[in-house]
Structures are given as C-alpha cells and as structure tokens.
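1. Sequence and computational prediction follow.
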Amino acid sequence: MEMSHSAIIAVVDDDESVRIALDSLLRSYGYTVRVFASAEAFLSSSAVQGTACLISDIQMPGMSGIQLYDDLSARGLTIPVIFITGYQGQPPQVGPHSPEPVAWFPKPFPCAQLLACIEAVLDRR
C-alpha cells in the first residue's frame, strides 16, 4: 500500500546496491529519499537541514557512520539515526557527547522492522 510522506529520509551507504534497494523500498512507501555514497557527500549537501531520519552504514571509506553521527551531534543537529551494518557483534560506541542512535540493523536487515522503526521515529517528531 503506497502512502504519502513529506518526511525526507537520507540514506548514506558506500554500497550502491544498498542505496538503490533502500531508495526503491522507501519510495514505494511514499517517502522522499535522498541517497549519498559517503558521509562527506551528505554533510556537504543541502539535505542535512531537511532530513527527518538518517539511515547510515557504519563502515565506509573516509568518514564512518559513527563519525558522521558524532559530527552531526557536535553541530547540534538532532537527526534521528538508524545504523545498518555488515559488522557482526557488539555495535561500536558513539562519541561521549552524542545521544544513542535510534537503532542498529545488521545486513541483511528485515525491511518490515526497518520501516516500523522509521515510522516510530517520525511519529515522535
């Protein structure tokens, strides 16, 4: 069932297939989606200010997802972040001044749970 959402969901992942899959999934549910191949590309875009929820990979070349999250927190931006990762085990720690991220999903992640998490984030905003 397609719904219409005005919320912008940003996806940051160096894996093009993950970006394409998430873009397609989220658009099919009516979200406006912006995709970025790196944390640096996201931070230098105009999408930062309008993002209602950020989905980010953790391990990426250059700036990691954790570093991206800490950078956003240091700037005073409180964008809810959902991490997706191929990393197995205990999630890495965020910086001491950063709030905890909304959720961690290992790849491959369950689409229904990811969508439910996004809805919960947007309902709180």
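-> In hand now; what should we look at?
2. make it CA atoms for all contacts and neighbour counts henceforth
-> Fine.
3. List the contacts of the host helix or strand of residue 11.
-> Assigned by DSSP states H and E, residue 11 falls within strand 8-12. Applying Cα atoms under 8 Å, 6 or more residues apart in numbering, the contact partners of strand 8-12 are 19, 22-23, 31-39, 42, 47, 50-57.
4. Who is residue 106 paired with across the strands?
-> Listed by DSSP bridges, the beta-bridge partners for residue 106 are residue 85.
5. for the chain, what are the low-confidence residue spans?
-> When residues are selected by pLDDT under 70, those of the chain lie in 1-5, 87-101.
6. Strands along that one, start to end?
-> 8-12, 32-36, 51-57, 81-85, 103-106 (DSSP state E).
7. Now distance to residue 112 and mean neighbour count too, for these, in JSON lines please.
-> Listed next are these as JSON lines, based on distance: least, Cα to Cα, whole Å; neighbours: other Cα atoms under 10 Å:
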{"stretch": "strand 8-12", "distance to residue 112": "16", "mean neighbour count": "25"}
{"stretch": "strand 32-36", "distance to residue 112": "17", "mean neighbour count": "19"}
{"stretch": "strand 51-57", "distance to residue 112": "15", "mean neighbour count": "24"}
{"stretch": "strand 81-85", "distance to residue 112": "14", "mean neighbour count": "22"}
{"stretch": "strand 103-106", "distance to residue 112": "12", "mean neighbour count": "16"}
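8. so can I have a markdown table of these showing distance to residue 120?
-> Formatted as a markdown table, these follow (distance: least, Cα to Cα, whole Å):
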| stretch | distance to residue 120 |
| --- | --- |
| strand 8-12 | 13 |
| strand 32-36 | 17 |
| strand 51-57 | 11 |
| strand 81-85 | 12 |
| strand 103-106 | 11 |
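9. Now do the helices in the chain.
-> Ranges of helices in the chain, per DSSP state H, are 16-28, 39-43, 47-50, 65-74, 111-124.
10. looking at the sheet around the residue positioned nearest the centre of the chain, what are its partners?
-> Residue closest to the mean C-alpha point of the chain, counted by Cα atoms, centre = their mean, is residue 55 at 1.1 Å. For residue 55, the beta-bridge partners are residue 11, residue 82 (DSSP bridges).
11. Noted, bye for now.
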